[in-house]
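quick one: sequence and predicted model below, then my questions.
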Amino acid sequence: MPARDLALLTEAARAAGEVAMRYWKNAPKAWNKADASPVTEADLACNDLIQGILRRARPDYGWLSEETPDDTARLDTEHQFIIDPIDGTRAFIAGEKHFSHSLAVARNGEITAAVVYLPALDKLYPATNTGPALRDGAPIQCSQKSLSDGTNILTSRHSLDPEHWTTPPDFQRSFRASLAYRLCLVADGSFDGMITFMDAWEWDVAAGSLIAARAGAAVSDKHGQALRFNAPGAQSAGTFACAPALHRDLMPRIKQ
């Protein structure tokens, strides 16, 4: 079933990419939601398309998406779709290339199939929980660095605040707007880790967390606990995805 779900997610992600590219750099209508996060007409169009494709094929799966009002009926289903129609909406509005479609299937709290697709780069990252992580059809592997090797970590400036650390680590900081893409860039070894201390919505990290894990990265919340999905609040306590040695080096330095 994960392989069949992966094929379905890939079909939906590529179809959403065609929709998104019609709006990208074409002044899409944009506004702020109640939580002050941005949304565009492209987010909603992609959400409608993805939902139509996926739910027609799997009507018994629950549904969790950033752009759909939450229906707690998902909590009583065995499988769930966890979707961010456009992750990195600010980048999308700015005409930048690093936005993605993040699509995942969860079963009993664990992600079993995942796709992250970047249509402006035509870059596809798929994985199942029983197979390798891929980028455009080729297997990928995470970095093997430790903190002492000199590492490049994707994170916001806020993550460098001393309030988070008993002993602040020394690393090079980089940033990408899409959390899903950050996780994929750890998976393919482009960066040694990604960290966020802020509570992370499941739709932002569900797909990328599986891709990173299947590429060999250590993935957890900020407390070092495994990520679980389809929770009532649909959030995790931060997200850390790093080269295994780097993850071991960082965890003891975090203020709990």
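Here it is on my side, so go on.

what about the helices in the stretch 1-150 of the chain?
2-23, 41-57, 89-93 (DSSP state H, counting those that start in this stretch).

contacting residues around T155?
173-175, 194-196 (C-beta atoms under 8 Å, 6 or more residues apart in numbering). Placement of C-beta: from N, CA and C, glycine included.

how much space separates it from Q256?
18 Å (C-beta to C-beta, to the nearest Å).

same check on T10?
To Q256, T10 is 39 Å away according to C-beta to C-beta.

D204 looks like it's in a helix, true?
Yes: according to DSSP: H, G, I helix; E, B strand; the rest coil, D204 belongs to a helix.

so the protein: which segments form each domain?
2-139, 147-253 (automatic domain parsing).

any chance of CSV for those domains, columns mean pLDDT?
Output for these, formatted as CSV (pLDDT from 0 to 100):
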stretch, mean pLDDT
domain 2-139, 97
domain 147-253, 97
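
what does stretch 32-52 contact?
12-13, 15-16, 19-20, 22-24, 28-31, 63, 65-68, 83, 85-86, 89-90, 92-93, 101, 103.

again, 7 Å this time
When contacts are defined by C-beta atoms under 7 Å, 6 or more residues apart in numbering, stretch 32-52 is touched by residues 12, 15-16, 19-20, 23, 28-31, 63, 65, 67-68, 83, 85-86, 89-90, 92-93, 101, 103.

in that stretch, what counts as buried?
39-40, 42-47, 49-51 (16 or more other C-beta atoms under 10 Å).

closest to R4 among those residues?
Nearest to R4 among the buried residues of stretch 32-52, counting by C-beta to C-beta, is I50 at 16.8 Å.

so who does K97 touch?
With C-beta under 7 Å, 6+ apart, K97 has these contacts: 120-121.

surely Y125 touches V116?
Yes: judged on C-beta atoms under 7 Å, Y125 makes contact with V116 at a distance of 4.5 Å.

find residues that contact each of those two.
Shared contacts of Y125 and V116, counting by C-beta under 7 Å, 6+ apart, come down to 184, 211.

look up how far P169 lies from D136.
32 Å.

show me which of the two is the more surrounded one.
P169 (15 against 12; other C-beta atoms under 10 Å).

correct me if wrong: the more buried one contacts P252.
No: if you go by C-beta under 7 Å, P169 and P252 don't touch, sitting 10.4 Å apart.

what kind of secondary structure is A231 in?
Following three-state DSSP, the label given to A231 is coil.

please, where are all the strands along the stretch 51-200 of the chain?
62-65, 79-87, 100-107, 110-118, 123-128, 134-135, 138-139, 152-154, 172-174, 193-196, 200-201 (DSSP state E, counting those that start in this stretch).

just send the ones you listed back as a markdown table, with distance to G208 and mean neighbour count too.
Listed next are the strands of the stretch 51-200 of the chain as a markdown table, based on distance: least, C-beta to C-beta, whole Å; neighbours: other C-beta atoms under 10 Å:
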| stretch | distance to G208 | mean neighbour count |
| --- | --- | --- |
| strand 62-65 | 15 | 21 |
| strand 79-87 | 9 | 27 |
| strand 100-107 | 7 | 30 |
| strand 110-118 | 6 | 26 |
| strand 123-128 | 8 | 24 |
| strand 134-135 | 12 | 20 |
| strand 138-139 | 17 | 10 |
| strand 152-154 | 11 | 21 |
| strand 172-174 | 16 | 13 |
| strand 193-196 | 9 | 26 |
| strand 200-201 | 10 | 20 |
